[in-house]
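Trainee: Need coordinates for the below:
(chains A and B)
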Amino acid sequence: MNEEDKKAPYWNWLSAALALAGVIVFIFATFGPPASSSGFVSTVKGLLQVVAPDYVESKAHYRMIPGPGSWLMAFVLGMAMGGVVAGRTFKIPVRDVPELWEKRFGPSKIRRYAAAFIGGFLILFGSRLAGGCTLGLSISGSTQLAISGLYFGVVIFGAAMVTSRIVHGNGGKEET
Amino acid sequence: MITNIWLGLFSGVAFGFIIQRVGATNPNKMARAHLMVDSEIPRFMILAVALSALGLLGLQATGAPRTVILPTSLLATGVAAVIFGIGWGLTGYCPGTCWAAAGEGRMDAVFTLLGGLAGTAAFAQFHEVLIPALYLPTSIGPVTLADWLGSRALAAWVLAIGFALCAWAVGKLWGRRGLSS
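Mentor: Okay, here's the model as predicted:
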């Protein structure tokens, strides 16, 4: 166990899974399948509608997702707010450069932010091609027994495990 | 419409709070999950799906919740998942966790969010080319386990039990590397 885990009062996975399943079922009961990558489309659509409304109107991807005044957009903003509340009431301070990353690439914030930006680009490009992300396709889809969700979930985990090993090298190995 | 916004906001706050508390917004913990050192996040996700599938089955018995089954495109869903996995392994955030992590005050999550907005705009630009080229030709339609097994209740239980076993297996397999060294 590393230092961070000893100090961090993280919830146990079992109780957290119960709590999250409660929220997911609540979302199905009051809205429909939860999604978060769609919130990105709503955000970009809202931004572009200000500067290039004709372009937005001409693109199929923006026509298929509602703009900012939607559940989808409210949900991602809500997640950010939930993060604020959770962060303010949590014992350990956050880091801008994760430990394992720093071990491999040093403390440079620029390097970490650049990688985080590229990673963000890839996860959203992939999500929009598949039609959903970890939540909107893998979790929502599997909950609805969709083969697409199960297939996506297995492949994203596999690809992330390989990538993480390449990125972090042996950094994940415990020292003790 | 306005009710929907309040519901979305409320659901988001609850969701964001929970994923922070289990450590899913911590990219270091996520990397340790991907490196098979820390099993908490994968077990949390897998069990949450198992329970949600049973919860949704219950909802469907009492009403008609809105469901959306996305088609499975052998090529596009697979290629998209590989692109997604590379990005996830690199940053340690996914499209949901980066919002909560940004709220938590993590600066690298803000950059993942910005990169995500750029990736969304890029995909939207090429949607008209990529969907007919990659997605549609290998799509087998919106198939579900229920179609294969012939019953929604049976399929939900098979999935829930299968996922619960996966959560157990992850707990057994993860962490070995850390303990043995």
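Trainee: ok, B:Trp6 - contacts?
Mentor: Counting by CB atoms under 8 Å, 6 or more residues apart in numbering or on different chains, B:Trp6 touches A:Ala74. Heads up, the C-betas are built off the backbone N, CA and C, glycines and all.
Trainee: per-residue confidence for it?
Mentor: Looking at B:Trp6, its pLDDT stands at 97.
Trainee: any idea which element residue 129 lies in?
Mentor: Chain wasn't specified; assuming chain A. Using DSSP states H and E, A:Leu129 sits in helix A:109-130.
Trainee: try again with chain B
Mentor: Going by DSSP H and E, B:Val129 is part of helix B:107-130.
Trainee: Next, see if that helix gets close to chain A.
Mentor: Yes: contact between helix B:107-130 and chain A, assessed by CB under 8 Å from any CB of the partner chain, occurs at B:107-109, B:111-125, B:127-128, B:130.
Trainee: Pull out the buried residues from those.
Mentor: For the residues of helix B:107-130 next to chain A, a burial check counting by 16 or more other CB atoms under 10 Å in any protein chain shown picks out B:107-109, B:111-121, B:123-124, B:127, B:130.
Trainee: give me the number of residues near the closest residue to A:Val25 other than its chain neighbours?
Mentor: In space, A:Val25 comes closest to B:Gly55 once its chain neighbours are excluded; the distance is 3.6 Å by CB to CB, 6 or more residues apart in numbering or on different chains. Per other CB atoms under 10 Å in any protein chain shown, the neighbour tally for B:Gly55 reads 20.
Trainee: Likewise for A:Val94?
Mentor: There are 19 residues near A:Val94, going by other CB under 10 Å.
Trainee: and what of A:Tyr113?
Mentor: Neighbours around A:Tyr113, by other CB under 10 Å: 19.
Trainee: where along chain B do the helices fall?
Mentor: Listed in chain order, the helices of chain B (DSSP state H) span B:2-21, B:27-34, B:40-62, B:74-91, B:97-104, B:107-130, B:145-149, B:152-173, B:176-180.
Trainee: Equivalent analysis for chain A, please.
Mentor: Going by DSSP H, chain A shows helices at A:3-7, A:13-30, A:37-51, A:53-58, A:60-63, A:71-88, A:99-105, A:109-130, A:140-143, A:147-168.
Trainee: Reformat these into JSON lines and put mean pLDDT next to each item.
Mentor: Output for the helices of chain A, formatted as JSON lines (pLDDT from 0 to 100):
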{"stretch": "helix A:3-7", "mean pLDDT": "54"}
{"stretch": "helix A:13-30", "mean pLDDT": "98"}
{"stretch": "helix A:37-51", "mean pLDDT": "97"}
{"stretch": "helix A:53-58", "mean pLDDT": "97"}
{"stretch": "helix A:60-63", "mean pLDDT": "98"}
{"stretch": "helix A:71-88", "mean pLDDT": "98"}
{"stretch": "helix A:99-105", "mean pLDDT": "96"}
{"stretch": "helix A:109-130", "mean pLDDT": "98"}
{"stretch": "helix A:140-143", "mean pLDDT": "97"}
{"stretch": "helix A:147-168", "mean pLDDT": "97"}
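Trainee: show me what contacts the spatially most central residue of chain A?
Mentor: Relative to the mean C-alpha position of chain A, the nearest C-alpha, by CA atoms, centre = their mean, is the one of A:Thr134, at 6.8 Å. Each residue near A:Thr134 by CB under 8 Å, 6+ apart is listed here: A:Ser36, A:Gly153, A:Ile156, B:Met45, B:Trp88, B:Cys94, B:Pro95, B:Gly96, B:Thr97.
Trainee: With adjacent residues omitted, what lies nearest to the second one?
Mentor: I take that to be A:Gly153. Among residues not flanking A:Gly153 along the chain, A:Ser138 sits closest, at 3.8 Å (CB to CB, 6+ apart).
Trainee: Does the one you found touch A:Ala160 like I think?
Mentor: No: the pair A:Ser138 / A:Ala160 is not scored as a contact, 11.5 Å apart, by CB atoms under 8 Å.
Trainee: you'd agree A:Arg128 is up against A:Ser36?
Mentor: No: counting by CB under 8 Å, A:Ser36 is not a contact partner of A:Arg128; they are 12.0 Å apart.
Trainee: separation between A:Phe90 and A:Glu99?
Mentor: Per CB to CB, to the nearest Å, A:Phe90 is found 17 Å from A:Glu99.
Trainee: just A:Met64 next, same as before
Mentor: On the measure of CB to CB, A:Met64 and A:Glu99 end up 40 Å apart.
Trainee: Of those two, which one has the most company?
Mentor: Neighbour count, other CB under 10 Å: between A:Met64 and A:Glu99, A:Glu99 has more, with 16 against 12.
Trainee: Name the nearest residue to that one, ignoring sequence neighbours.
Mentor: Nearest to A:Glu99 is B:Asn28, by CB to CB, 6+ apart, at 5.2 Å.
Trainee: what does A:Ser38 give?
Mentor: Take A:Ser38 and drop its neighbours on the chain: the residue closest to it by CB to CB, 6+ apart is A:Leu72, 4.6 Å away.
Trainee: repeat for B:Lys29
Mentor: The shortest distance from B:Lys29 to any non-neighbouring residue, by CB to CB, 6+ apart, is to B:Gly23 (4.2 Å).
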